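> Need the 3D shape of this:
(4 chains)
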Number of protein chains: 2
Amino acid sequence: MKEKQNTLFVGSLAKGLKLLRAFDETTTEMSLTDLARRTGLDKSATQRLANTLHVEGMLDKDPETKRFRPSHAWLELAYAYFWSDPLVRQAMPQLIDLSQRLGSTVNLTELSGDHIIYVSRLPNGISQFSATLVGRRLPALNASAGRVMISTWPAEERDRVVESWPIHQFTPKTTIDRNVIREGIEEAAQKGYATTQNQMILNQTGVAAPIIGPDGRAYAAVQCSVSSHHWGQDRIQEELVPYILDAALAIAPQSRGVY
Amino acid sequence: MKEKQNTLFVGSLAKGLKLLRAFDETTTEMSLTDLARRTGLDKSATQRLANTLHVEGMLDKDPETKRFRPSHAWLELAYAYFWSDPLVRQAMPQLIDLSQRLGSTVNLTELSGDHIIYVSRLPNGISQFSATLVGRRLPALNASAGRVMISTWPAEERDRVVESWPIHQFTPKTTIDRNVIREGIEEAAQKGYATTQNQMILNQTGVAAPIIGPDGRAYAAVQCSVSSHHWGQDRIQEELVPYILDAALAIAPQSRGVY
DNA sequence: GACAAGATATCATAATATGATATTCTTTAT
DNA sequence: ATAAAGAATATCATATTATGATATCTTGTC
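Residues are numbered from 1 along each chain as shown, chains lettered A, B, ... in the order given. Have a look, this model is predicted:
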């Protein structure tokens, strides 16, 4: 293997992880050959690795079709993650409170490279399926939560990421003009919160407030999604923003640097 | 390694997984030596495996303390799981609806060996932190959801698991008498739903309805947790049970079974 | 400033993963 | 019903890769 022929690097383990990560939104179960094709791994290697993952309980195997699927162990890992992330414990009571008060969908997001990732979600009302799932990643520049986090950074750093970080066009109305995004971030920097419209889903408005660490930089955000039909600027301003800001503030206390 | 000296078993991968699974509720971050101690693996092996997991993005490493922690990738795996489990997609709208209607905490659970596992959770009101987290596992016999699932099985099978499956005493009032549990299951079999009290948390009542597959056996359950103070038998009977049963029924249609 | 504990790096060795091949099973087509 | 194709499973000789003992470097403590 030419991968990383470092003596501190175990190739077989890396390959095994590759199998796990081969599953996604659309690829939800795979035969042995599917797996081999998708990962580009040798057929025999795939066989051995998949079998190992199965024996170890990381992959379920349909006795009929012999196809592999993610196992419950994947959820158990998430469970362990939640305990390891102090923010989650800190935020959960506030999020529940906020969710009940607003009656709208409330999310907790963190920055994950140039993406945001949903760490906790409290759906209210009808939602897109994907909008109810923890672990989803979105380009930070696309999302209100991402923009408001970036807005807490020094100006030059903001500019750099606005230029270089990825954007994905989810709807016909998704902002792809980086200048417009920059303006949105500037505005967020002044107001202390960010709003977006039609970015992920048409007629959906997102409002996000930053959770700011001791160094003044946001490392997370509280975000709320509402229907643009029912929520005009004014109503958002009065009935949403104050509470979201409150919640974000309440979550962000003296917690130590969470990187 | 004496583990499983099968030629279809890749030991290094299994060891790597062991590192991942070493993290839990109480063990949320570990140094290299912690990891080695906890997994029983050789110091050098731990070094290599942990390094590999870090390079592959499965473990974060604090640059200061050099300690390892679960990474966001753990949540991404959960995200992939959710897509792979048809029940989740099927259930989510019903659960949200139920959550709003009842204003109480609503859970979706599946059977995982002799445990139940929370696959989706919609917390409402103040909750124990652990009661808000997906991926948590509980002995099936302890939980209303587990009992109601078992109640859909043939009598002899029920008896077998009531005798053999594990029980954990969470509170001083947790039922540890298997005969009492058996009665609870019998009752659930007749009524079509199960209720429990003080099993996981004192003064907490659980109500669960089975999601029944084409073969007549439950493979999942809708569960609801309420405060015993505010919810007496009558109120539960009238305001909770019918809706939970409805939801469970709505989730369980012709779903899988291609025939 | 010395010590201890832990993290990181190195290296010779053999044990383990490798992948080609063979066999069995399943499905589809004729 | 039979053949053919595709996939899963099993086997095995080989050397590549993981191993773990040891050494060095780093950090924190008394």
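> Neighbours of A:His72, how many?
A:His72 sits with 21 neighbouring residues when counted by other Cβ atoms under 10 Å in any protein chain shown. Where you see a C-beta, it was placed from the backbone N, CA and C, and this is true even at glycine.
> Contact partners for A:Leu32?
Neighbour list for A:Leu32: A:43, A:46-47, A:50, A:66, A:68 [criterion: Cβ atoms under 8 Å, 6 or more residues apart in numbering or on different chains].
> for A:Leu20, same thing?
A:53, A:58-59, A:70, A:74, B:77.
> where in chain A is pLDDT low?
By pLDDT under 70, the low-scoring segments of chain A are A:1-5, A:253-259.
> if I look at the residue nearest the centre of it, how far off is B:Ala73?
The centroid of chain A falls nearest to A:Ile117 when counting by Cα atoms, centre = their mean (1.5 Å). From A:Ile117 over to B:Ala73 the distance is 10 Å, taken as Cβ to Cβ, to the nearest Å.
> Repeat that for A:Lys173.
Counting by Cβ to Cβ, the gap from A:Lys173 to B:Ala73 is 31 Å.
> near DNA strand D, which residues of chain A?
The interface of chain A toward DNA strand D, taken as Cβ under 7 Å from any atom of the strand, is made up of A:1, A:5, A:7, A:9-13, A:31-34, A:43-44, A:47, A:66-67.
> from these, which would you call buried?
Neighbour-count burial (16 or more other Cβ atoms under 10 Å in any protein chain shown) is assigned, among these, to A:9-13, A:32, A:47, A:67.
> and the two most separated of those residues?
Farthest apart among these by Cβ to Cβ are A:Phe9 and A:Arg67. That separation is 30.4 Å.
> Show me where chain A has its helices.
A:11-21, A:32-39, A:43-55, A:73-84, A:86-102, A:144-150, A:155-164, A:178-191, A:233-235, A:241-251 (DSSP state H).
> Relative to A:Ser71, how far out is A:Pro63?
Plainly put, A:Pro63 is 14 Å away from A:Ser71 if you go by Cβ to Cβ.
> Which one of those two is surrounded by more residues?
Higher neighbour count among A:Pro63 and A:Ser71: A:Ser71, with 19 against 6, using other Cβ under 10 Å.
> What count of nearby residues applies to the spatially closest residue to the more buried one that is not a sequence neighbour?
Sequence neighbours aside, A:Asp60 is the residue nearest to A:Ser71 in space, at 4.6 Å (criterion: Cβ to Cβ, 6 or more residues apart in numbering or on different chains). Neighbours of A:Asp60 under the rule other Cβ under 10 Å: 19.
> now A:Asp60: how far from A:Arg67?
Using Cβ to Cβ, A:Asp60 is found at 9 Å from A:Arg67.
> Which residues of the stretch 1-150 of chain A lie near DNA strand C?
Contact residues (Cβ under 7 Å from any atom of the strand) of the stretch 1-150 of chain A with DNA strand C: A:1, A:7-8, A:11-12, A:15, A:42-45, A:48-49.
> ok, A:Ala80 touching B:Arg69?
No. Counting by Cβ atoms under 8 Å, A:Ala80 stays clear of B:Arg69, with 9.8 Å between them.
> higher neighbour count, these two?
Counting neighbours by other Cβ under 10 Å for A:Ala80 and for B:Arg69 shows that A:Ala80 has the greater number, 23 against 19.
> Run through the residues that contact A:Val207.
Applying Cβ under 8 Å, 6+ apart to A:Val207 gives the contacts A:144, A:193-195, A:223-226, A:236, A:240-241, A:244.
> cutoff 6 Å now
By Cβ atoms under 6 Å, 6 or more residues apart in numbering or on different chains, A:Val207 lies in contact with A:195, A:224, A:240, A:244.
> Going by distance to DNA strand D, which of these wins?
A:Ile244 (37.6 Å; Cβ to the nearest atom of the strand).
> Find the nearest non-adjacent residue to that closest one, please.
Of all residues not flanking A:Ile244 in the chain, A:Ala209 sits nearest, at 4.6 Å (Cβ to Cβ, 6+ apart).
> picking that back up, show me the beta-bridge partners of the residue nearest to the centre of chain A.
Beta-bridge partners for A:Ile117, by DSSP bridges, are A:Glu110, A:Arg137.
> check contacts around it.
Going by Cβ under 6 Å, 6+ apart, A:Ile117 touches A:110, A:137, B:72.
> Likewise for A:Ala208?
Under the criterion of Cβ under 6 Å, 6+ apart, the neighbours of A:Ala208 are A:144-145, A:148, A:194, A:221, A:223.
> of those residues, closest to DNA strand C?
Distance ranking of these against DNA strand C, using Cβ to the nearest atom of the strand, places A:Ala221 first at 30.8 Å.
> which ones are touching the closest one?
By Cβ under 6 Å, 6+ apart, the contact list for A:Ala221 reads A:109, A:145, A:148-149, A:208, A:210-211.
> Burial check on A:Ser120, number of neighbours?
Around A:Ser120 there are 24 other residues, counting by other Cβ under 10 Å.
> I'd say it and A:Thr109 touch.
No. Using Cβ atoms under 6 Å, A:Ser120 makes no contact with A:Thr109, being 8.6 Å away.
> Closest residue of chain A to DNA strand D?
When distances are taken as Cβ to the nearest atom of the strand, chain A reaches nearest to DNA strand D at A:Ser31, 2.8 Å away.
> Provide the backbone phi and psi angles at that residue.
The phi and psi values for A:Ser31, taken as degrees, to the nearest 10, are phi -80, psi 170.
> any idea how far the residue nearest to A:Ile244 is from A:Ala145?
For A:Ala209, the distance to A:Ala145 equals 9 Å [Cβ to Cβ].
> Of all residues in chain A, which one is closest to DNA strand C?
Closest point on chain A to DNA strand C, by Cβ to the nearest atom of the strand, is A:Ser44, at 3.1 Å.
> near chain B, which residues of the stretch 101-250 of chain A show up?
With Cβ under 6 Å from any Cβ of the partner chain as the criterion, the stretch 101-250 of chain A meets chain B at residues A:112, A:117, A:123, A:129, A:132-136.
> a markdown table for those, including distance to A:Ala250?
Formatted as a markdown table, these follow (distance: Cβ to Cβ, whole Å):
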| residue | distance to A:Ala250 |
| --- | --- |
| A:Ser112 | 23 |
| A:Ile117 | 22 |
| A:Pro123 | 21 |
| A:Phe129 | 30 |
| A:Thr132 | 24 |
| A:Leu133 | 25 |
| A:Val134 | 21 |
| A:Gly135 | 25 |
| A:Arg136 | 25 |
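> Quick one, which of the residues you listed are buried?
The buried subset of these (16+ other Cβ under 10 Å) comprises A:112, A:117, A:123, A:132-136.
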